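1. this one's structure only:
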């Protein structure tokens, strides 16, 4: 299924990024390009990362690095 239509990123692409070491939305965005245009996919990306990442995020607040990387909607 397509998660990010702007960058044509599928759920398989995101799961592959997680399997290869992505541990947060910013990592997934950096690897796949998802979440950098309109931000509509950020919640879906967050769900996939939370369900499939072996390391749970300790904080749920926005990190400054997310804004610097241009992850659209990261503060939502």
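-> All right, it came through fine. The model shown is predicted, which means the values in this text are computed figures rather than measured ones.
2. nearest spatial neighbour of residue 8, skipping sequence neighbours?
-> Nearest residue to residue 8, sequence neighbours excluded (Cβ to Cβ, 6 or more residues apart in numbering): residue 2, at 7.0 Å. Backbone N, C-alpha and C define where each C-beta goes, glycine included.
3. so the one you found sits against residue 10, correct?
-> Yes. Counting by Cβ atoms under 8 Å, residue 2 touches residue 10, with 5.7 Å between them.
4. ok, longest helix in this protein?
-> helix 42-52 (DSSP state H).
5. and it, how far out from the chain's middle?
-> 7 Å (Cα atoms, centre = their mean, to the nearest Å).
6. so what's residue 25 closest to, chain neighbours aside?
-> Of all residues not flanking residue 25 in the chain, residue 45 sits nearest, at 5.3 Å (Cβ to Cβ, 6+ apart).
7. mind listing the strands in this protein by residue range?
-> 2-4, 9-10 (DSSP state E).
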